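1. A structural model of the following input is requested.
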Amino acid sequence: MITRVQKLCKAVVILAHICHSFASSASSSVSAAMNEANGIMGIETTNGISTRNEIITITEEQRLMLLQCSSSEEFASRFHDLCSSVRSIFDREGVVVIRGLLDDSLLEKLDRDSMNLLAKKQGFKPKKKLFENINFGPVFSHKIFREVALSSAIPRFVAHILLNKDSDGEASSSSATSLRVLRDAYLVKSDEIDSCGWHVDDYNFWPTNARSRPGVNAWIAIDDIPAKYGGGLGVSPKSHRASWKFEAYESIGSTQLHSDEGLVAGTAFFNRMMKGKNGITLGSRTCDMQEVNPELSQKLDDTRKMFDFQKGDVLFHTRWLFHRSIPLTKEGRNYFEKLGKKPTIRRYSIRYEHGSARLLRGLNMESCVILNPENAGRTLDEVCANDGPFYPKCWPQITPEELTRMDHLLAEKLPEAMTKSKPVVHLIMEKANSYGK
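-> Residues are numbered from 1 along each chain as shown. Okay, here's the model as predicted:
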């Protein structure tokens, strides 16, 4: 089974030529040393909300209430100031960092099991070395990631506070139904020089159309990551509302520019969107902002914000916020050299999307579309109702039957999709390269 999962993950990257940005820091022993080196920062309290270095800390009572309540209104009736403050920050800045969503026991299991996964060398190293190790879709194959992504306080925080969902699965300001995991990835960054520049996620990492109500990315630090050491995630607050955002979308070929038909191989638009510094590729030019538009890249650098992450901190950002991976700094390299350890900077990223969001039409390498082309353009809820939980539900709570069907997908359907995807990629590239000839 593990071999099948490894092959499936490798195929996903070969198909997508993925370059993306997430980050974390060293092993648990290294994390403790980093904490000491970073020093103890003062805690400020505003309206009863504890903050540390612009990181909001929720209490155990609040975390337990998130797990127990059935609606945003029920939670807000108890913790109005927290909800109001977080929503205000998130709506304005497009990003918020929360501490305390994972209890000590769950965080310890995540730390231990993710390190064991790395030690067993599961996952793979991408050709373009942005990360030391990548493991896609661990929500299907590993119990701890499934627990964190589907049943911890994290998806409840997204549903009840950030997206303000009601008890029946509706959001107060839209017709969004369930909340689902669109993508998840466990990644380990080391001392790589390359990094993914300023971007919003492309069709590989966020394969729903731009007309869908924006989902939320949850970026979980599995190690302490002081900003001065690098290796973390940089964000540009308010960039999702910036006047220059469409210029930025054009620079990186964002899905914001796609028509309802999506990317169709053999058209001028397809080649314009897919043309990067290495020619026409399915990886597009997502990470190439610095080369394509250095002036805009510098503007984003000037607004860059980083955080001093502690293990278990969760950075939430809206889909259209510009972000980038941060390479290890000289100070960070020196730190690890003194420890005599190679950097192992771990993080887990989960893209939460509304069940009402529609998959992209046109170019679409989703397993559910490869197995059933009619799924292109369907909502995530429709795909899962017809063909199984390709996008696992995390709110309202997933049922035992759906969990069993996830195991079936892992054992049967995902390997089948991997096999069928290779000729699809070959045909797409043939059409793209023959255009205009």
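2. Tell me the span between the first and last residue of stretch 185-201.
-> 13 Å (Cα to Cα, to the nearest Å).
3. Point out where the chain drops to low pLDDT.
-> By pLDDT under 70, the low-scoring segments of the chain are 1-53, 121-130, 167-176, 276-284, 432, 434-437.
4. Break down it into its strands, ranges please.
-> 44-46, 49-52, 55-57, 95-99, 133-136, 179-189, 216-221, 233-235, 275-276, 279-280, 314-318, 323-325, 345-354, 393-395 (DSSP state E).
5. Any chance of TSV for the ones you listed, columns mean neighbour count?
-> All C-beta spots, glycine's among them, are computed from the backbone N, C-alpha and C. Formatted as TSV, these follow (neighbours: other Cβ atoms under 10 Å):
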stretch	mean neighbour count
strand 44-46	10
strand 49-52	17
strand 55-57	19
strand 95-99	24
strand 133-136	22
strand 179-189	26
strand 216-221	26
strand 233-235	24
strand 275-276	18
strand 279-280	14
strand 314-318	24
strand 323-325	26
strand 345-354	26
strand 393-395	23
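6. Out of those, which gets nearest to Gln290?
-> strand 323-325 (9.4 Å; Cβ to Cβ).
7. Now do that closest one: which elements does it pack against?
-> strand 233-235 (3 or more Cβ pairs under 8 Å, 6 or more residues apart in numbering; DSSP states H and E).
8. So which elements touch the longest helix along the chain?
-> Secondary structure of the chain per DSSP state H: the longest helix is helix 414-434. Helix 414-434 is packed against helix 2-16, helix 268-274, strand 279-280, helix 367-371, with contacts defined by 3+ Cβ pairs under 8 Å, 6+ apart.
9. Try it again at 7 Å.
-> Secondary-structure packing of helix 414-434 (3 or more Cβ pairs under 7 Å, 6 or more residues apart in numbering; DSSP states H and E): helix 2-16, helix 268-274, helix 367-371.
10. In it, which of the residues would be classed as buried?
-> Leu414, Pro415, Ala417, Met418, Ser421, Val424, Val425, Ile428, Ala432 (16 or more other Cβ atoms under 10 Å).
11. on that earlier part again, I'd like the strands of the chain laid out as JSON lines, including distance to Tyr203.
-> Converted to JSON lines, these look like this (distance: least, Cβ to Cβ, whole Å):
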{"stretch": "strand 44-46", "distance to Tyr203": "40"}
{"stretch": "strand 49-52", "distance to Tyr203": "36"}
{"stretch": "strand 55-57", "distance to Tyr203": "32"}
{"stretch": "strand 95-99", "distance to Tyr203": "22"}
{"stretch": "strand 133-136", "distance to Tyr203": "15"}
{"stretch": "strand 179-189", "distance to Tyr203": "11"}
{"stretch": "strand 216-221", "distance to Tyr203": "15"}
{"stretch": "strand 233-235", "distance to Tyr203": "21"}
{"stretch": "strand 275-276", "distance to Tyr203": "14"}
{"stretch": "strand 279-280", "distance to Tyr203": "15"}
{"stretch": "strand 314-318", "distance to Tyr203": "18"}
{"stretch": "strand 323-325", "distance to Tyr203": "17"}
{"stretch": "strand 345-354", "distance to Tyr203": "13"}
{"stretch": "strand 393-395", "distance to Tyr203": "22"}
